[in-house]
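In: Requesting a structural model of the entry that follows:
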Amino acid sequence: MIERFYLKDYLSFKESELNLNTGLIVFTGPSGSGKSILMESILSSLGGATCNAALCESSVTWDIDEDSTGIENEEINVFKHIKKEKSRYFVNAQSLSKKAIGSVASKYLRHLSLKDFSDFENGNLLEILDDRVGSKSKKIVKLKESYKKAYYSYTDVKKELLKLEEEEKKIVELKEFAAFEIKKIEDINPSEGEDEELSEIKKELSRKEKVLESLESAMEIFNHEHLVSSALDSLDVESAFFDDTMNDLRAHFDAATERFSALDEVDIEEVLNRIEAISGLKRRYGSVEESLSYKEQKKEELAKYENIEIAKSDLEEQYKSLGIEIQKLAEELSELRLKELPLFEHSLNDYLRSLYLRDATVVLENEEYGVLGCDKLSIKLNGTELNKISTGEFNRLRLAILALKSEFMSKNGGVLMLDEIDANLSGEESMSVAKVLRTLSKHFQIFVISHQPQLTSMGDQHFLVYKDGTISKTKELSFDEKVDEIARIISGENISNEAKKFARELLEANR
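Out: Okay, the predicted model is just below:
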């Protein structure tokens, strides 16, 4: 509820403070006294309207959802709109945009002014119907939980299937591409380090002839080996070191000759072609090792593509099974709802008749499966679509729906703000609206501007809005002051004794 409202410097108001109770709160006063200005400023403090007040502030007892809003609850949460050079909005001194503060307040505040069709949305109407069913049997609660669980699984599997089907459209192309990439690498079939080995062979081939010519010339040293040995003997020098050196040299020359002779079997053109092929892989993939890794990756992808049909088949089985399950559960829900529907329509029409409205027809039709089943509940007033009835009829029909909903409400429904809902109504019609609002006030804090004695007499709290010169002021009325104000509404400024008597009788009857 809104516990306190404070307004400063707005049009004809200099300052006004309201300490508010629960239940039905009525604002009355002469035309032009500032009632609509006051209502607008209350809405503005909560982001529901725009005004140029220096300050409008509402202190509320709402338990704000800290996780979704990021606002820390205090014992009393304060919503504030300040206007200096520009408008600024706050909740508990935390600055927010008008849109953000309006979004926070909208969870607790309803302004029933224009044709807002949210009360007639399928989800809301089904919730009211289901609450009525649930009051007689708890079966529907478990049934709805089972259906919702199955429905979410059904939609998840459907998403996976659609994803697979999208992949399947591309799978032929993807399989061909993966196979092509694998074949391209396997046709060359490189091995790790092969590029380095080929480079070394190419290098050896390029210097083969020159090295062999050098070796052939150097071999002459062995023809003079005996001369060196003889000279060393004549000098009495041990020749073993020379013999070892010559043996080492001979071994090196023989190994080199053998190695380069082996290259006679190598096809230089084949080596160059191989080097070019591997260079192509390296240019594309970075290295031989990376090309081999890429080949394995593509093989894994190819295996996945080939297994996609199996995965799709499994999902299709799940989808079919879940489809059967939600169909069965939805049919059970529909059966329970259809059984309650005539009583729902009867109760709604009881409210409508008390509001001097024509009977409504309520229809439950099948629609595409959704989170609430496959039912669509719609209402017509005497066969007329809701968008074609008058605003007065629409708002009274909405009150009837709210009254139906309140019958099974277990917690406070928040705040309802109504403009002149009893304007242009007869006394009987105004009393019928007042009685419904009295019923709703058990679950809602209701703000209403009234020009009719019947609704005014039902108020749990009554504020008079009046002008003191050019300044608008507010005053909470005592019982005797209520009598005088209701008498003024009945007879005008010249209050008659008959009007005062009727006003007192109204108030006594509605105490």
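In: The residue nearest in space to the middle of the chain in helix, strand or coil?
Out: Nearest to the mean C-alpha position of the chain, by C-alpha atoms, centre = their mean, lies S68 at 11.2 Å. Secondary structure assignment for S68 (DSSP: H, G, I helix; E, B strand; the rest coil): helix.
In: if I look at it, how far off is V104?
Out: From S68 over to V104 the distance is 9 Å, taken as C-beta to C-beta, to the nearest Å. C-beta here means a position set from N, CA and C on the backbone, and glycine is covered the same way.
In: What of R4?
Out: R4 is 18 Å from V104, by C-beta to C-beta.
In: Could you check which of these two has the larger neighbour count?
Out: V104 (23 against 14; other C-beta atoms under 10 Å).
In: any idea which helix or strand carries the more buried one?
Out: V104 belongs to helix 98-105 when elements are defined using DSSP states H and E.
In: Near the residue lying closest to R274 once chain neighbours are set aside, how many other residues are there?
Out: Ranked by C-beta to C-beta, 6 or more residues apart in numbering and with sequence neighbours excluded, the top spatial neighbour of R274 is L198, at 5.9 Å. Close neighbours of L198, defined as other C-beta under 10 Å, add up to 18.
In: Contacts only, for L198.
Out: Residues in contact with L198 (C-beta atoms under 8 Å, 6 or more residues apart in numbering) are 271, 274-275, 278.
In: So it, which state does it fall into?
Out: Going by three-state DSSP: L198 is helix.
In: go on, the one 5 residues further on?
Out: With three-state DSSP as the basis, K203 sits in helix.
In: pLDDT value on it, please?
Out: Note on K203: pLDDT of 77.
In: All further residue positions should be reported with the first residue as 54.
Out: OK, 54 is where the count begins now, so the last one is K256.
In: how much space between it and E250?
Out: Distance from K256 to E250, by C-beta to C-beta: 11 Å.
In: what do you get for S400?
Out: Going from S400 to E250 by C-beta to C-beta gives 92 Å.
In: Next, the buried residues of the helix or strand bottoming out on mean pLDDT in the chain.
Out: The helix or strand of the chain with the lowest confidence, counting by mean pLDDT, DSSP states H and E, is helix 247-271 at a mean of 78. For helix 247-271, a neighbour-count test (16 or more other C-beta atoms under 10 Å) marks 248, 251, 261 as buried.
In: which one of those is nearest R141?
Out: The shortest approach to R141 among the buried residues of helix 247-271 belongs to D248, at 70.3 Å (C-beta to C-beta).
In: what residues are up against the closest one?
Out: With C-beta under 8 Å, 6+ apart, D248 has these contacts: 328, 331-332, 335, 341.
In: at 7 Å what do you get?
Out: Counting by C-beta atoms under 7 Å, 6 or more residues apart in numbering, D248 touches 331, 335, 341.
In: residues near Y161, how many?
Out: 20.
In: I'd say it and D116 touch.
Out: No. Counting by C-beta atoms under 7 Å, Y161 does not reach D116; the two are 9.0 Å apart.
In: Does anything pack onto the longest helix seen in the chain? Which helices or strands?
Out: The longest helix of the chain (DSSP state H) is helix 341-407. Judged by 3 or more C-beta pairs under 7 Å, 6 or more residues apart in numbering; DSSP states H and E, helix 341-407 is in contact with helix 175-187, helix 192-241, helix 321-338, strand 413-423, strand 426-434, helix 444-459, helix 480-493.
In: Let me know the average pLDDT across it.
Out: Rounded mean pLDDT across helix 341-407 is 89.
In: quick one: it to chain centroid distance?
Out: Its chain's C-alpha centre and that of helix 341-407 lie 20 Å apart, by C-alpha atoms, centre = their mean, to the nearest Å.
In: do stretch 231-242 as well
Out: Using C-alpha atoms, centre = their mean, the offset of stretch 231-242 from its chain centre is 46 Å.
In: residues of that stretch that come out buried?
Out: In terms of neighbour count (16+ other C-beta under 10 Å), stretch 231-242 has its buried residues at 231, 234-235, 238.
In: got a markdown table for the residues you listed, with pLDDT and distance to F66 too?
Out: Output for these, formatted as a markdown table (pLDDT from 0 to 100; distance: C-beta to C-beta, whole Å):
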| residue | pLDDT | distance to F66 |
| --- | --- | --- |
| A231 | 82 | 76 |
| E234 | 85 | 78 |
| I235 | 84 | 81 |
| I238 | 84 | 83 |
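In: How many neighbouring residues does S84 have?
Out: 6.
In: Phi first, then psi, for it.
Out: Backbone torsions of S84, given as degrees, to the nearest 10, read phi -60, psi 140.
In: Any figure for the gap between it and I254?
Out: According to C-beta to C-beta, S84 stands 108 Å off from I254.
In: for L179, same thing?
Out: Using C-beta to C-beta, L179 is found at 81 Å from I254.
In: returning to that earlier point: need the contacts of L251 in JSON lines with pLDDT, distance to R564 and neighbour count, can you?
Out: Below are the contacts of L251 laid out as JSON lines (pLDDT from 0 to 100; distance: C-beta to C-beta, whole Å; neighbours: other C-beta atoms under 10 Å):
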{"residue": "V324", "pLDDT": "72", "distance to R564": "112", "neighbour count": "16"}
{"residue": "R327", "pLDDT": "80", "distance to R564": "107", "neighbour count": "18"}
{"residue": "I328", "pLDDT": "78", "distance to R564": "107", "neighbour count": "16"}
{"residue": "I331", "pLDDT": "82", "distance to R564": "101", "neighbour count": "20"}
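In: Distance to E318 for the residues you listed - can I get that in TSV?
Out: Output for the contacts of L251, formatted as TSV (distance: C-beta to C-beta, whole Å):
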residue	distance to E318
V324	12
R327	15
I328	18
I331	21
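In: how does the protein divide up, domain by domain?
Out: 54-161+466-530, 205-368 (automatic domain parsing).
In: Lowest average confidence across those domains, which one?
Out: Among the domains of the chain, domain 205-368 has the lowest mean pLDDT, at a mean of 82.
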